[in-house]
Each structure stands twice: as structure tokens, then as C-alpha cells.
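K.L.:
Quick one: sequence plus predicted model below, questions after.
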2 protein chains.
Amino acid sequence: MELALAARLPPADAIPGRLHQAMRYSVLGGGKRVRAALVFATARTVGLTESTVEAAACAIELVHAYSLVHDDLPAMDDDDLRRGRPTCHKAYDEATALLVGDALQTLAFQVLAGDPSLPSSPAIRLRLIALLAEASGTAGMAGGQAVDLAAQGRRLDLAQVEDMHARKTGALIRVSVLMAAACVASADPAVTAALTDFANPIGLAFQIQDDLLDVLGDASTLGKATGADQARSKPTHPSIIGIEASQARVRLLHDQALAALVPFGLRAEPLRSLADWLLNRSF
Amino acid sequence: MELALAARLPPADAIPGRLHQAMRYSVLGGGKRVRAALVFATARTVGLTESTVEAAACAIELVHAYSLVHDDLPAMDDDDLRRGRPTCHKAYDEATALLVGDALQTLAFQVLAGDPSLPSSPAIRLRLIALLAEASGTAGMAGGQAVDLAAQGRRLDLAQVEDMHARKTGALIRVSVLMAAACVASADPAVTAALTDFANPIGLAFQIQDDLLDVLGDASTLGKATGADQARSKPTHPSIIGIEASQARVRLLHDQALAALVPFGLRAEPLRSLADWLLNRSF
């Protein structure tokens, strides 16, 4: 993924060099690449090669990276550390970080529209663009951020928190699975439905696990500060139902996700082991 | 255009309401709609109806609106007034303005991917998306912003300033013409080349006229503060070659643009009158 992303980012020595360098700094700084891994594991499950979906994985990671750069800005979460390094606006400056996020989003759609490694069918590419746009916009990630902003310091019930997570992180997790499936020339609605039933609980479980790590995790392993949610009075599963009930909810969602993979048999093994890793991770 | 944009923006009463309201506030606050007008005038010139290109015009205006919302933020130009009203971050807050820009960009690509009024050909839609992404990204608008940031307080020569303008405003002006032309089922390369020869000088002339209005214009007519470029030591045509030479450059570019329209005969009349208006405007 590092190589695949590096090849699609503008060169650091092309004008405007500082912007390109800051984009590369923000995208190529490591990270778990959970969304890319979901794209590749889903590709295996539906019988596609990894190279067919590589550009789709890059587009999703670019959108994810843009959202992190903007979320870290002083006007949002005001974070200094990301993946163990200074955040983009700390390493560069706020104006550059703003443009980095903007340009990374644009690049994601540019990759889907033009990357030669994707299926050449314009209809498939268009479907990928529509899926990514819906997952990123106000019905998805950006909308979840807005709900999150409005929620800080307020009391939300569990259903409201889960709705917020479904948008904020769930939408991009789900679309990672759906975009890989959409690369099949004649996508089977039953396959898409089963994969959606896998992706929805995984997306929520991933976010609860993230919130648990913010309480229980180790800052040096995570590469970012812990305790941030509590400091900001963010409503999370641990803050509403407690740590043990949150861990139980993660296990239940994990079982639901795996149940949706039964029809795929052994072909879904990469998705199963990814799900296991995601929900037992310590970073 | 107000109705066309209003119909494509998320409803103000849908969750997240505050984000949707801020998006509508930022997009529907008037403006000259120069880019949309170029789309419609080009459509006439290449024999398309206005309804065929309406969604393309909306997508470009959405990208333009996103760039204004982000440019007005304190980390960039720190402007309080836009189109005679408080800027988005003043009327709402900085975090919301950040998300407004992000979500407007996403919406632009979503419109091009899915709007039913556009030509149904996936190949045409994909071409529109590729054109808009290229014009918006680091080779275009966002790149121009980065060059502009780097240039503040530095001395640039005229060629460097014109390169910056070609990206910052020129790219989106040019793509307005090219996207309308791309809606023709079998686009003629000679037509595209002639329209590019029209759009490039118009884009530059438009920006010089903007910079002249910043020196000579009236704040109440413009709906924004004047003298801002000088206060920020921004290199512009008036600051480098003076007012009279800048006005002469506008006239020359205008004549170059009109010369490119000769092959279209009377069909290019809407583009001609738009060019005349653009370069004689006082707001």
C-alpha cells in the first residue's frame, strides 16, 4: 500500500512542492491501512485479484487521510500527534493542512476516474465514484463529523451514538467492502447484501474498539494521545455503557459479522482473519 | 442556478441539520455564477440545451463555493465578509466551515456521478469527473492556492503571477468551458482546442480584473472588502505592472479570447457577450 499510494501522489519536487510534500507526509506516514486491507480481503472473497482493486484501496485511504488531516486541525480536535509523528498542521502549517485535505479528497476521485489499473468499464468506475462520494459526504463521514461536533458535551443515548459512528467511521469501512465488490463485472445483489451484513457490524465494532483503546490503550503503541474522548466529553460506548458492556458489544458485533460470511465458505477466510485481527488489536 | 443548486443540496431539516444549513448558506448566498454562465454559454455554442449541462454547472459552482469557504477561514485569508454577508465561519463556526467545504467538494463529484439530468453515458460522466478533479487538484485550484500562500510577501515576476492565476482561478474557468463541450456525445478535438484558446485568456483576464477591482472597486458593490491584496502584499498585476498596464493586458486577453471564437460564427454569441460583460464588470 505504501508503494501503491506513493505512486499515485504528486511528486514532492513538482510545483507546488510544499503542498505535495505535505500530502505525501500525511498519507505515507504509516497507519494500519484497515480500509485498504478490507478492500483486498473482499477482492479475494469475490474472486478478484489484488491489482484490480488496488486503485480503489488507494482512493479510500486518500479520503481517510484527508479526513484525519482536517480532524486534527485546531478548529476540530486540535491534535498534535498522529501515527507517532507531528500532525500535518504541526509539521507544516494550518493553511497547508487545509489544502492537503482538500487536494487529497480531489485526488481520490481523480484516481477512480482515471487510474489505468482499475476495470476499464466506465460504468464500474462511475459506481465506485458514487459509492465513495456517498460514504464521504453528509450522509456518511462528513455528516458523522458534524453529528460528533454537535454531540460534544451533550448526553446521547446508545442509539444516537451508534448512528453517529455508522456515519463517521462506519460508512468508509462499509464502502471499502462494497467498492471491492463493485469491481466485479456483473455484481450479484445477494453477494452485495451479504457483504453489507458483514461490513456494518465490523464498522461499528471497529469504532467501539477504537474508543476502548482510547481508555485502555497505551499512547506509545497507538501513536496518539489516549484519554482524549473523556477530556472532550465525547459520548462513546465506554462512557455510556461502561468498559465491560462495550467489550461484550464488540464480541456480539464480531459474531454477527462472521455469520454473514458463512455463504462464502473458505473464500472469505481473508475477511475472517482480518475481522479477528481488527477486534483483538491493541493499536 | 439558485433553484438548480438548491435542488441538489441536502435539505436543511435532514440530519446533520446545522451542516446542511451551513452548506446552503454558503452556496445559495448569491454570487455572480460566472462559471455556471460559462457552462451555459458554451452549451449554446456547441449545440446543447441548458438542461443537459445544468448538473455540470452545479458541480463547478459547488467546487467554487467550497474553495471560497475554505479560503475565507482564519488560517487562510481570514475574511469576515463574502457576497455582502458574514463568511461561513463567522455565521456558523470554524469547524462547521471546514466540514462545509469538505462536503461541498464531495457533493460536486456525487452530482456528476449520479445526477439523472446529465447525459446518461458513463463515459461522458467519467470525463466530466476527470476534468473537474484535474482542475480542482494540485495541478489546478488547490495548487494555485498553495503557490499563492508561498508567494505572499515575496516578489514574483509577471510570468510567475500568471502561472499562479492559471491554476488558482484559470483552471476552474477553463474547465467550465471544457466540461460543457465534453457533454457532446462525440466531442470534436478541434472544437475543444478552439474553446481552450478562448477559455485560457478569459480565465486570466477575469483574475486581473478581480485584482483591479480590489484596487479600484467599491466595497459595497463588490460585497467584500477592497485593498486586501495590498494589505497582504499579494503579488498581482496592478502591484507589478501598474493599473494602466493591467487594464491594457485585460483588453489584449479579451481580444485573444474573442479571436478564438471566430470559427463558431453566430453560435458563439452568448460566449462573446459573456466575455464582454466579464471584462467590463464593476463587481
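P.N.:
Arrived safely. Everything numeric in this text was worked out from a predicted model, so none of it was measured. Residues are numbered from 1 along each chain as shown, chains lettered A, B, ... in the order given.
K.L.:
these two touch, right, residue A:215 and residue A:226?
P.N.:
Yes - counting by CB atoms under 8 Å, residue A:226 is a contact partner of residue A:215 at 7.2 Å. To be clear about C-beta, it is placed using only N, CA and C from the backbone, and glycine gets the same treatment.
K.L.:
Stretch A:66-78: end-to-end distance?
P.N.:
15 Å (CA to CA, to the nearest Å).
K.L.:
Can you list the neighbours in contact with it?
P.N.:
Residues from elsewhere that reach stretch A:66-78 (CB atoms under 8 Å, 6 or more residues apart in numbering or on different chains): A:26, A:79, A:82, A:87-89, A:94, A:97-98, A:100-102, A:104-105, A:108, A:136, A:141-142, A:145, A:149, A:172, A:228, A:232, B:73, B:75, B:93-95, B:97-99, B:102.
K.L.:
Sort out which residues of the helix or strand harbouring residue A:213 are buried, please.
P.N.:
In the assignment (DSSP states H and E), residue A:213 maps to helix A:189-216. By 16 or more other CB atoms under 10 Å in any protein chain shown, the buried positions in helix A:189-216 come out as A:191-192, A:194-195, A:197-215.
K.L.:
Same check on stretch A:75-84?
P.N.:
Within stretch A:75-84, the residues scored as buried using 16+ other CB under 10 Å are A:75, A:76, A:77, A:79, A:82, A:83.
K.L.:
likewise stretch A:116-123?
P.N.:
For stretch A:116-123, by 16+ other CB under 10 Å, it's A:117, A:118, A:119, A:122.
K.L.:
wait, which of those is closest to chain B?
P.N.:
residue A:122 (3.7 Å; CB to the nearest CB).
K.L.:
Now do the contacts for that closest one.
P.N.:
Contact analysis of residue A:122 by CB under 8 Å, 6+ apart lists B:121, B:122, B:123, B:125, B:126.
K.L.:
So the fourth one lies in a strand, does it not?
P.N.:
No - for residue B:125, which was evaluated using DSSP: H, G, I helix; E, B strand; the rest coil, the result is helix, with no strand membership.
K.L.:
what sits against it?
P.N.:
Contact analysis of residue B:125 by CB under 8 Å, 6+ apart lists A:122, A:126, B:112, B:113, B:118, B:119.
K.L.:
Take those and keep only those in strands.
P.N.:
When DSSP state E is applied, those are split such that none fall in strands.
K.L.:
Among those, which ones are in helices?
P.N.:
Among the contacts of residue B:125, DSSP state H puts A:122, A:126, B:112, B:113 in helices.
K.L.:
Need the residues you listed in CSV (columns: distance to residue A:158 and pLDDT).
P.N.:
Listed next are the ones in helices among the contacts of residue B:125 as CSV, based on distance: CB to CB, whole Å; pLDDT from 0 to 100:
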residue, distance to residue A:158, pLDDT
A:122, 43, 95
A:126, 37, 97
B:112, 38, 98
B:113, 34, 97
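K.L.:
who wins for neighbours among those?
P.N.:
Most neighbours among the ones in helices among the contacts of residue B:125, by other CB atoms under 10 Å in any protein chain shown: residue B:112, with 32 neighbours.
K.L.:
name the helices or strands packed onto whichever strand or helix holds residue A:146?
P.N.:
Taking DSSP H and E as the definition, residue A:146 sits inside helix A:141-151. Helices and strands touching helix A:141-151, by 3 or more CB pairs under 8 Å, 6 or more residues apart in numbering or on different chains; DSSP states H and E, are helix A:50-71, helix A:158-165, helix A:171-182, helix B:17-27, helix B:94-114.
K.L.:
can you tell me which of these comes nearest to residue A:20?
P.N.:
For the helices and strands packed on helix A:141-151, the distance to residue A:20 is smallest for helix A:50-71, at 13.6 Å, taking CB to CB.
K.L.:
Compute the mean per-residue pLDDT across that closest one, please.
P.N.:
For helix A:50-71, mean pLDDT rounds to 97.
K.L.:
Would you indicate which residues of it are buried?
P.N.:
Buried-residue list, helix A:50-71, by 16+ other CB under 10 Å: A:52-71.
K.L.:
Equivalent analysis for stretch A:258-278, please.
P.N.:
A:258, A:260, A:261, A:264, A:268, A:270, A:271, A:272, A:274, A:275, A:278.
K.L.:
Of those, which belong to helices?
P.N.:
Per DSSP H, the buried residues of stretch A:258-278 map to helices at A:258, A:260, A:270, A:271, A:272, A:274, A:275, A:278.
K.L.:
any idea of the mean pLDDT in stretch A:17-24?
P.N.:
97.
K.L.:
ok, residues contacting it?
P.N.:
A:6, A:9-14, A:88, A:91-92, A:96-97, A:99-100, A:103-104, A:107, B:138, B:142-143, B:146, B:150.
K.L.:
ok, of those, which come out buried?
P.N.:
Those of these that meet the buried threshold are A:9-10, A:88, A:91-92, A:96-97, A:99-100, A:103-104, A:107, B:138, B:142-143, B:146, B:150, by 16+ other CB under 10 Å.
K.L.:
which non-adjacent residue is nearest residue A:247?
P.N.:
Among residues not flanking residue A:247 along the chain, residue A:212 sits closest, at 6.7 Å (CB to CB, 6 or more residues apart in numbering or on different chains).
K.L.:
Quick check, the one you found in contact with residue A:244.
P.N.:
No - Residue A:212 lies out of contact with residue A:244 (CB under 8 Å); the separation is 10.3 Å.
K.L.:
Can you get me a residue count around the closest residue to residue A:147 other than its chain neighbours?
P.N.:
Using CB to CB, 6+ apart and skipping the chain neighbours, the partner closest in space to residue A:147 is residue A:164 (4.5 Å). By other CB under 10 Å, 26 other residues sit near residue A:164.
K.L.:
what's the answer for residue A:157, then?
P.N.:
Counted with other CB under 10 Å, the neighbours of residue A:157 add up to 10.
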